[in-house]
Every structure is written in structure tokens, then in C-alpha cells.
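A.B. asks: mind folding the following:
(one chain, ligands or ions: 2)
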Amino acid sequence: PQLANQIAAGEVVERPASVIKELVENSIDAGATRIDIDIEKGGSKLIRIRDNGCGIEKDQLALALSRHATSKLHSLDDLDAILSFGFRGEALASISSVSRLTLTSRTKEQTEAWQAYAEGSQMAVKVTPAAHPEGTTIEAVALFFNTPARRRFLKSDKTEFTHIDEWLKRIAMAQPKVHFTLQHNGKSVRNYRAANTQLQFIQRLGQISSRSFAEHALHVDCQHNDLRLSGYLQAPSHFDVNATQLDVHYFYVNGRLVRDRLINHAVRQAFSFAESRGDAKLPCYVMMLDLDPHQVDVNVHPAKHEVRFHQARYIHDFILQALQSAIAEAHS
Ligand code: ADP
Ligand code: MG
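C.D. replies: Ligands and ions are numbered 1, 2, ... in the order given. Next up is the predicted model:
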């Protein structure tokens with residue numbers, strides 16, 4: 001199983017940022033409202049994620065570390081599972097096959113916490129008593145210690161940190177109600193407090209982008225049948241094609257970050273840049289599109305961000321119109 005897990009790890013775990021992505025998504029799936037991320041040396045020495053989610057029962061701990069033993073997908077029609085982040089049941093097994101991983105957890109029902117770690121190459125899991133509040137802490141130490149080829153692929157601590165930081169911004173905008181903190185080498189570097197109001201959301205937007213974008217952004221909120229687009233768009237009066245632009249182009253479909261040409265095209269067109277080449281700068285935006293999950297195929301590969309809309313033209317035009325009317329409203 002160790003080798004199979006290491007091979008699977010190649011898909012799921014490319015670098016520290018991908019470990020953090022998997023772990024934080026698990027925390028979100030577990031209903032956490034606070035997630036503390038602690039890393040050392042860009043995550044290559046240590047990644048520790050603590051959450052206040054539902055926790056893992058003692059007799060589920062070993063299972064959580066084994067492959068395809070996910071509790072989240074019971075049938076392919078299980079839409080709740082598809083809407084949650086994880087349903088492949090590979091992340092923990094993969095990460096524990098390429099690091100020294102410990103899992104400490106306590107559920108609401110349990111009076112004491114338990115800790116599990118995979119021991120030796122056969123991945124026998126040892127479970128011992130531990131101290132922990134309700135929730136889960138996962139610690140991955142010495143990433144890729146046993147796969148030197150992959151370890152050599154890691155970039156400098158600073159670059160790995162930047163990947164983590166950038167990814168955290170994206171998830172933080174999609175999960176405004178979750179309080180996130182990030183520590184690097186013992187120093188607190190990010191603190192995104194829970195945003196429960198529009199004003200707090202704009203404050204978080206200011207933290208992750210720039211205050212000037214957040215303060216002048218146009219609010220978009222448009223609904224049509226079961227389509228809804230909401231979010232913030234850079235005001236045309238504050239957009240300068242020649243200025244150095246922030247790279248804030250976040251688009252979420254049913255809570256998942258996607259990269260999509262159709263969406264870029266609609267944004268460009270709303271700004272009447274339809275003619276410009278693909279490399280021209282785009283205005284900043286943070287947008288959430290929510291629609292019937294049956295109307296979209298999300299590529300289940302964890303490392304990709306692709307989607308396919310069944311009615312692409314319809315979605316494109318809906319986005320375009322929503323943006324155009326927000327822009328028109330700002331002008332009137
Ligand atoms: P998946 O998320 O695809 O189900 P993972 O390997 O990421 O697979 O996680 C395995 C299982 O461990 C999850 O299905 C979940 O039951 C449990 N789990 C992992 N992380 C957490 C967490 N932070 N809180 C509660 N349960 C967790
Ligand atoms: Mg998962």
C-alpha cells in the first residue's frame with residue numbers, strides 16, 4: 001500500500017501548498033469555523049493545521065489514514081458529497097505516505113482526544129491518548145523526506161510560502177465565515193477574521209487584495225432562475241489597462257475556485273475589452289456563481305480547476321449581463 005499511496009501522492013501532493021489545500025478543505029468539510037495554519041520553512045519542515053470542526057472518532061482515525069476509505073461519498077448521486085471538497089479519500093493516505101503525519105482529534109461526544117500516526121513502511125496505524133480540544137490537528141513533518149526526487153523539486157522557502165499565501169487568499173474569499181490564521185516560522189503573518197457582514201467581507205477583500213480595490217469595487221448580485229452571481233468587480237473608473245494590476249481574478253462555481261476562459265471572456269466583454277488579446281490585463285474581481293450542480297461538470301482531479309457548463313452560452317450571457325448592469329448602475 002505504501003507504494004500505491006506514494007504514487008497517488010504524486011497526483012495530490014505536489015508541494016506544501018497542495019498539502020495545505022487538502023487539509024484545509026477537510027477542515028471546511030468538517031464544519032470548522034476557525035482554522036489555524038502553522039508552517040515552518042515554507043511548509044517543507046512542518047505543516048500543522050488545527051481546526052474546531054466535528055473531529056474524528058477514535059475508531060475512525062486509522063480509517064481516515066487509509067486510502068479510499070472516505071466517509072463522504074456513498075453514491076455518485078450523493079450531491080452533498082460532490083459539493084463538499086473531498087470525496088476521493090486519498091489525501092490523508094497520500095500525505096502520510098510522503099511525510100511524518102500525526103492526526104489528533106476529539107469529537108463533541110468524546111471526553112478525551114486521540115492521536116494516530118502511521119508507523120513504518122506498512123503504514124500500520126498506532127492510536128494513543130492525547131490532549132486536544134474539540135476538533136482536529138494534523139501535523140505533517142518533513143514533507144517528501146522519503147521521496148528525495150520530489151523533495152528536490154521544492155523551490156525556496158519563500159516561493160513555497162508564496163504559493164501557500166496565494167492559495168489561502170483564494171480559499172479565504174470563498175469561505176468568509178471561517179476565521180483563518182497563518183504562521184510562518186513562528187511569526188503570525190495572516191489573520192483573516194470571520195466576515196459575517198458585507199462590511200466585514202469588504203474588509204477581508206481589502207486584506208487579500210488592496211484597500212483601494214475593496215473600497216471602490218462594484219457590488220454585483222444578480223439572480224435569474226436558479227443562477228446567481230454575486231461578488232465584487234473593479235470599478236471601471238478605477239481600472240487602468242496600463243497600471244500594474246493586482247492578480248485578483250477569483251471566480252468560484254458552487255464554492256469551488258475555477259479558471260475558465262468563458263468567464264474571462266465575459267468579464268473582458270463587460271469592460272468592452274472583447275477585442276483585446278488574451279494577455280491583456282483584466283479588471284480585478286471576486287465572483288461567486290451558484291447554480292444547480294447538475295448544470296456543471298467539475299473536473300474531479302484535485303489539482304485542476306476546470307469546469308464545463310452544460311449551457312455555456314447561457315451562462316456566459318448571464319454573467320455578462322450581470323456585470324454590465326452593475327457597471328451601468330455605477331454610472332447612473
Ligand atoms: P476525503 O476528504 O476525500 O474524504 P481525505 O483523505 O482527505 O479524504 O480524508 C479522509 C477522511 O478523514 C475524511 O473523509 C473525513 O472523514 C476525515 N477527516 C479528514 N480531515 C478531517 C478533519 N479536519 N475533521 C474531521 N474529519 C476529517
Ligand atoms: Mg479530503
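
A.B. asks: just confirm residue 19 contacts residue 44, I think it does.
C.D. replies: No: counting by CB atoms under 8 Å, residue 19 does not reach residue 44; the two are 10.0 Å apart. Every residue, glycine included, has its C-beta placed from N, CA and C.

A.B. asks: the two: who's more crowded?
C.D. replies: residue 19 (27 against 22; other CB atoms under 10 Å).

A.B. asks: just the element for that one, please.
C.D. replies: helix 16-29 (DSSP states H and E).

A.B. asks: may I see the buried residues of that helix?
C.D. replies: By neighbour count on 16 or more other CB atoms under 10 Å, the buried set for helix 16-29 is 16-29.

A.B. asks: would you tell me what the next helix or strand after that helix is?
C.D. replies: Following helix 16-29 in sequence, per DSSP H and E, is strand 34-40.

A.B. asks: for the stretch 1-150 of the chain, which spans come out with low pLDDT?
C.D. replies: Counting by pLDDT under 70, the ranges of the stretch 1-150 of the chain that qualify are 1-11, 68-88, 120-123.

A.B. asks: if we go to 80?
C.D. replies: 1-12, 67-89, 119-123 (pLDDT under 80).

A.B. asks: which residues of it fall in strands?
C.D. replies: 34-40, 46-51, 100-106, 113-119, 124-130, 135-141 (DSSP state E, counting those that start in this stretch).

A.B. asks: ok, longest helix in this protein?
C.D. replies: helix 312-331 (DSSP state H).

A.B. asks: could I get the buried residue list for the helix or strand hosting residue 266?
C.D. replies: Here residue 266 sits within helix 261-270, counting by DSSP H and E. In terms of neighbour count (16+ other CB under 10 Å), helix 261-270 has its buried residues at 262, 263, 265, 266, 267, 268, 269, 270.

A.B. asks: okay, helices next: where are they in the chain?
C.D. replies: Going by DSSP H, the chain shows helices at 2-12, 16-29, 61-64, 79-83, 91-97, 148-153, 157-174, 198-208, 211-216, 261-270, 312-331.

A.B. asks: and these: which comes nearest residue 189?
C.D. replies: helix 157-174 (7.6 Å; CB to CB).

A.B. asks: packing partners for that closest one?
C.D. replies: In terms of contacts (3 or more CB pairs under 8 Å, 6 or more residues apart in numbering; DSSP states H and E), helix 157-174 is packed against helix 16-29, strand 34-40, strand 179-184, strand 187-192, helix 198-208, strand 249-253, strand 256-258.

A.B. asks: right, and those - which one's nearest ligand 2?
C.D. replies: Closest of the helices and strands packed on helix 157-174 to ligand 2 is helix 16-29, at 4.4 Å (criterion: CB to the ion).

A.B. asks: so who does residue 311 touch?
C.D. replies: For residue 311, the contact set (CB atoms under 8 Å, 6 or more residues apart in numbering) comprises residue 295.

A.B. asks: with residue 291 as the reference, measure out to it.
C.D. replies: 10 Å (CB to CB, to the nearest Å).

A.B. asks: ok, back up a step: can the helix holding residue 19 be found next to ligand 2?
C.D. replies: Yes: judged by CB under 5 Å from the ion, helix 16-29 comes into contact with ligand 2 through residue 26.

A.B. asks: for the stretch 151-300 of the chain, which residues are neighbours of ligand 2?
C.D. replies: Counting by CB under 5 Å from the ion, no residue of the stretch 151-300 of the chain is near ligand 2.

A.B. asks: quick one: low-confidence ranges for the stretch 151-300 of the chain?
C.D. replies: 239-246, 272-281, 298-300.

A.B. asks: and with 50 instead?
C.D. replies: 274 (pLDDT under 50).

A.B. asks: for residue 232, give the beta-bridge partners.
C.D. replies: residue 219, residue 286 (DSSP bridges).

A.B. asks: possible to save the buried residues of helix 261-270 as a markdown table with distance to ligand 1?
C.D. replies: A markdown table is the format used below for these (distance: CB to the nearest ligand atom, whole Å):
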| residue | distance to ligand 1 |
| --- | --- |
| 262 | 28 |
| 263 | 26 |
| 265 | 32 |
| 266 | 32 |
| 267 | 32 |
| 268 | 35 |
| 269 | 37 |
| 270 | 36 |
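
A.B. asks: residue 182: which of those is nearest?
C.D. replies: When the buried residues of helix 261-270 are ranked by distance to residue 182 (CB to CB), residue 263 comes first, at 27.8 Å.
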